[in-house]
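J.: requesting a structural model of the entry that follows:
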Amino acid sequence: MASFNRFKFRADSLVYNLSENAAFGDAGDFKDLTYSTATIAPGYAYTFVVNKSWFLGTSGGVGPAFNFFDYSVGQNGNSVVDVRPFFNVRLSAGYNSERFFAGIIYSYQTVNIHFENIQFTSRNGTFRLQFGYRFREVGILKKRATEMIKPKSR
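T.: Next up is the predicted model:
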């Protein structure tokens, strides 16, 4: 599994309350940040099929996350390149037949970024519901791709 994420954050004042400023000190006085993460996470996937139509699936991956992080503390701009662990979990369930299919998918991933004694964590969960219907093949849709690219014989 591979992924690319980009996140931008801008604020007109501090990101947290002024009363929390003592806990973060000068390093936490940031008002904007941009980070990009590129990941490669090898993992394992398994699908359990019931009665040739119903399925349950799961997959997980762990790998490095290459973080490219730009932020401003006060008037100073800073950049950090960091490598941290990346985790991804995916659960799915659904139904499949000749004409109709449906599925539910939940995916979760997390990335941690460290800068100036602060840990920034990005957690992302996605829930997706899919439905579909397969129409009867007509005309060109009846042909396979290999039949369409055959060279013409002379």
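J.: could you check how far residue 121 is from residue 112?
T.: Residue 121 sits 5 Å away from residue 112, going by C-beta to C-beta, to the nearest Å. C-beta: built from backbone N, CA, C; applies to glycine.
J.: please apply the same query to residue 84.
T.: 5 Å.
J.: again with residue 4
T.: From residue 4 to residue 112 the distance is 17 Å (C-beta to C-beta).
J.: so how far is the first residue of stretch 125-145 from its last?
T.: 37 Å (C-alpha to C-alpha, to the nearest Å).
J.: how about residues contacting that stretch?
T.: By C-beta atoms under 8 Å, 6 or more residues apart in numbering, the residues outside stretch 125-145 that reach it are 94, 98-108, 148.
J.: if we can go back for a sec, who has more neighbours out of residue 121 and residue 112?
T.: Using other C-beta atoms under 10 Å as the criterion, residue 121 and residue 112 rank with residue 112 on top: 16 against 9.
J.: checking my notes, that one in a strand, right?
T.: Yes. Checked against DSSP: H, G, I helix; E, B strand; the rest coil, residue 112 lies within a strand.
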